[in-house]
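**Q** sequence first, then the predicted structure:
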Amino acid sequence: MNLYKRLLLYIKPYWHVLLAAIVCTVLAAGGNLYLPWIFRDMIDDVLNAKDAFRLNMISISIVVIFLLRGIFFYGQSYLMNWVGQHVIIDIRTEVFRKLQRLSMSFYDKNKTGTIMSYVTNDVNALQGAMVDNTIDLVTESFILIGSICAMVYLDWKLTVFTILTFPAVLFFMNFFGKKIRSSGGLIQASTADITSVLQEAVSSARVVKSFVREQYEIDRFEKENEENLRANLKNAKYMATLTPTIEFVAALGVTLIIWYGGNNVIKGETTAGSLVAFLAYAVNISNPIKRITRTIGNIQKALAAAQRVFGILDLKEEVKDLPGAKALPSVTGTVSFEHVTFSYNKGDQIIHDLSFDVKPGQVVGLVGPSGAGKSTIASLLPRFYNCDEGVIRIDGTDIKQVTLDSLRAQVGIVPQETILFNGTVYDNILYGRLDATKEEIEAAAKAANAHDFIMELPQGYETMLGDRGVNISGGQRQRIAIARAILKNPRILILDEATSALDTESERLVQEALNRLMVGRTALVIAHRLSTIKNADRILVMEKGSLAEDGTHEELMKKNGLYAHLYQIQYYNNKEES
Ligand SMILES: Nc1ncnc2c1ncn2[C@@H]1O[C@H](COP(=O)(O)OP(=O)(O)O)[C@@H](O)[C@H]1O
Ligand SMILES: [Mg+2]
């Protein structure tokens, strides 16, 4: 019931259109109710009394009524769709807004395919429920009530007879309604699973092929597909049982009417026309009951979808602005971690009591074995996650006390794998600062060593990148990412293994661009190849979420600890390679 109320809130702004739609629906349904009445008049007044004038009147009224019915049908159909579409657009936008605001932890926990299915399948299911099913529900309810009134008017005793079959019908409706609702949920869930397997397989085609895991993926997909089949068949079974059961019960009712009413006509207590009209209404009410049952099934399915959509809307944003948070003023770039602890999942601490300071303009190398927590530190600084204990300060201000936007505007990140959007090279660089001029973009591209290769692309800066555009190499992507970061011009820069995925030649170009980018900024450089951070002002060595060593390259080499060990391994490996 709460779900209905919540849906109604979305419909509220459009209530006057909805009202018009419902009026049209009721009037159109009235056209259907008129038909049995024609039978009665035809048999009793025209055929029995042989009245030609009556016949003409009836003929004209049929034409007029059905013309009006057509007009109201148009109104019902168009207006109801109008309301449905507007509500869906509102909900879809709200879900997307919510998705944009949700914290990283949400994206860690939910598969891309599942999230997409919320916005597409579930919202669409809602739309179906609101338009078609609402029309059906209003039309059929009105026909049901109208038919019963007409029946009572024609012969109340016979009506009581007929209505006695209702409890049986209601019982079956209720029983199957519950089953259908639960199997509807199963179908949606397994469709989401299929989508997510599909999404993974398609987006990771390269990995699948390189590991020759086609069969594995096919098996996985088949499994999900079969789950889906089972859920659908279960639903189909309930649907298939529901209709004939109710029809059989209805047929019993009709037989009763024919028998009882026929006797009344024989005894002369009622007219033949009335009995025929009554029968027509009685048969008619089995239709609304049948359709209302089906509609309730559909609405139940849609409510399961609504529940998932509202579930998303109700999620708490774990990382958000505190009440009264102020904008972080332009910083000089002091960064300090004070006794910071952090865990992605409760009970599994990843960062333990970490403290360090970085002075403005310093380039600090962050090294350590993989899994040591380097990227995690990089995520904590722009507050992608909140740390559990301790404080992270920028220029002495606790980053939890300032607005996310102002914080993130001053922290730039160049990750290992750059995400480029579907769009032109120009748009991709512009993403760094939307009000940049063409000159600024070119200057950024030049500083990022990207201008030359961009000019060689088929349409230069207007070349499309992404799914439907040209493919560029990893080094080129990285340089576009750097141009983007240069344009953003953050005081604090995080490079998370920005050159790790590159070959030596493109690494040189990218490194050159990075060196230019780092000038005058506080830089946290996470490096896989230790040679790239040898010249850093300071090197922090992480091990299992704690700071193991801290110093310059020379100091750390002299110390002959973890860093010296890691450095020597790489040094000799490189020598062997070359
Ligand atoms: N989104 C995440 N959810 C849960 N655990 C994570 C997540 N990201 C990283 N981890 C875990 O945190 C630890 C540190 O990871 P990370 O900071 O990426 O290490 P590094 O960058 O030093 O290789 C690892 O044990 C990793 O499994
Ligand atoms: Mg990492």
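**A** Looks like it came in fine. Ligands and ions are numbered 1, 2, ... in the order given.

**Q** can we go C-alpha only for contacts and neighbour counts from here?
**A** Noted.

**Q** ok and the residue in the stretch 151-300 of the chain nearest ligand 1?
**A** Relative to ligand 1, the nearest point of the stretch 151-300 of the chain is residue 200 (17.5 Å; Cα to the nearest ligand atom).

**Q** can you give me the distance of the nearest residue to that residue once chain neighbours are set aside to residue 48?
**A** Take residue 200 and drop its neighbours on the chain: the residue closest to it by Cα to Cα, 6 or more residues apart in numbering is residue 113, 7.8 Å away. Going from residue 113 to residue 48 by Cα to Cα, to the nearest Å gives 68 Å.

**Q** for the two, indicate the residue with more neighbours.
**A** Neighbour count, other Cα atoms under 10 Å: between residue 113 and residue 48, residue 113 has more, with 18 against 12.

**Q** quick one: the more buried one and residue 192 touch, right?
**A** Yes - when contacts are counted by Cα atoms under 8 Å, residue 113 is listed as touching residue 192 (6.7 Å).

**Q** so how far is residue 195 from the residue most central in space within the chain?
**A** Centroid-nearest residue in the chain: residue 119, 2.9 Å away (criterion: Cα atoms, centre = their mean). Distance, residue 119 to residue 195, by Cα to Cα: 13 Å.

**Q** contacting residues for residue 308?
**A** 118, 122 (Cα atoms under 8 Å, 6 or more residues apart in numbering).

**Q** my read is it is in a helix, agree?
**A** Yes - assessed by DSSP: H, G, I helix; E, B strand; the rest coil, residue 308 belongs to a helix.

**Q** quick one: pLDDT of residue 578?
**A** Residue 578 is assigned a predicted lDDT (pLDDT) of 54.

**Q** likewise for residue 539?
**A** Reported pLDDT for residue 539: 94.

**Q** nearest spatial neighbour of it, skipping sequence neighbours?
**A** Per Cα to Cα, 6+ apart, closest to residue 539 is residue 365, 4.5 Å.

**Q** what does residue 372 give?
**A** Leaving aside its chain neighbours, residue 372 sits nearest to residue 544 (4.5 Å; criterion: Cα to Cα, 6+ apart).

**Q** wouldn't the one you found be in contact with residue 370 here?
**A** No - between residue 544 and residue 370 no contact is recorded; they are 9.1 Å apart, counting by Cα under 8 Å.

**Q** comparing the two, which shows the higher neighbour count?
**A** Counted by other Cα under 10 Å, residue 544 and residue 370 do not tie: residue 544 has more neighbours, with 16 against 12.

**Q** any idea how far that one lies from ligand 1?
**A** Separation of residue 544 from ligand 1 (Cα to the nearest ligand atom, to the nearest Å): 8 Å.

**Q** what residues are up against that residue?
**A** Contacts of residue 544 by Cα under 8 Å, 6+ apart are 350-351, 371-373.

**Q** repeat for residue 459
**A** No contacts exist for residue 459 under Cα under 8 Å, 6+ apart.

**Q** ok, now how distant is it from residue 72?
**A** Taking Cα to Cα as the measure, residue 459 and residue 72 are separated by 55 Å.

**Q** ditto for residue 281
**A** From residue 281 across to residue 72, the span is 22 Å (Cα to Cα).

**Q** with residue 414 instead?
**A** Distance from residue 414 to residue 72, counting by Cα to Cα: 60 Å.

**Q** repeat for residue 122
**A** According to Cα to Cα, residue 122 and residue 72 sit 30 Å apart.

**Q** could you do residue 158 as well?
**A** 32 Å.

**Q** show me where this protein has its strands.
**A** Using DSSP state E, the strands of the chain run over 335-343, 349-358, 363-367, 389-394, 397-398, 411-414, 423-424, 464-465, 492-496, 522-526, 538-543, 546-551.

**Q** counting neighbours, what do you get for the residue in the stretch 451-578 of the chain that ligand 1 sits nearest to?
**A** Residue nearest to ligand 1 within the stretch 451-578 of the chain (Cα to the nearest ligand atom): residue 545, separated by 7.2 Å. Counted with other Cα under 10 Å, residues neighbouring residue 545 total 21.

**Q** could you find the closest non-adjacent residue to residue 527?
**A** Residue nearest to residue 527 in three dimensions, not counting chain neighbours: residue 497, with 5.0 Å by Cα to Cα, 6+ apart.

**Q** up against ligand 1, what does the chain have?
**A** Taking Cα under 6 Å from any ligand atom, the part of the chain that reaches ligand 1 is made up of 108, 344, 350, 370-376.

**Q** tell me what the longest helix seen in the chain is packed against?
**A** Secondary structure assigned by DSSP state H gives helix 214-267 as the longest helix of the chain. Helices and strands touching helix 214-267, by 3 or more Cα pairs under 8 Å, 6 or more residues apart in numbering; DSSP states H and E, are helix 156-163, helix 166-203, helix 272-314.

**Q** leaving out the residues flanking it, which one is nearest to residue 20?
**A** Sequence neighbours aside, residue 79 is the residue nearest to residue 20 in space, at 7.5 Å (criterion: Cα to Cα, 6+ apart).

**Q** list the contacts of that neighbour.
**A** With contacts defined as Cα under 8 Å, 6+ apart, residue 79 is in contact with 17-18, 20-21.

**Q** okay, now the residue lying closest to residue 412 once chain neighbours are set aside: neighbour count?
**A** Setting aside the residues directly before and after it, residue 412 is nearest to residue 493 in space (Cα to Cα, 6+ apart), at 4.7 Å. Other residues lying near residue 493 total 25 when counted by other Cα under 10 Å.

**Q** could you check how far residue 493 is from residue 133?
**A** Distance, residue 493 to residue 133, by Cα to Cα: 54 Å.

**Q** now do residue 299
**A** Distance, residue 299 to residue 133, using Cα to Cα: 7 Å.

**Q** domain-wise, how is this structure divided?
**A** By the assignment in automatic domain parsing, the chain contains the domains 2-180+235-314, 332-410+492-578, 418-489.

**Q** need these in TSV (columns: distance to residue 320).
**A** Shown next, in TSV, are these (distance: least, Cα to Cα, whole Å):
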stretch	distance to residue 320
domain 2-180+235-314	8
domain 332-410+492-578	7
domain 418-489	22
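
**Q** comparing those, which gets the lowest mean pLDDT score?
**A** Looking at those, the lowest mean pLDDT belongs to domain 2-180+235-314 (a mean of 85).

**Q** need the distance between the two termini of that one.
**A** Domain 2-180+235-314 has an end-to-end distance of 14 Å (criterion: Cα to Cα).

**Q** ok now that domain, how far from the chain's centre?
**A** Centroid separation for domain 2-180+235-314 versus its chain: 30 Å, with Cα atoms, centre = their mean, to the nearest Å.

**Q** ditto for stretch 553-573
**A** Chain-centre distance of stretch 553-573: 48 Å, with Cα atoms, centre = their mean.

**Q** surely residue 17 meets residue 83?
**A** Yes - under the criterion of Cα under 8 Å, residue 17 makes contact with residue 83 at 6.9 Å.
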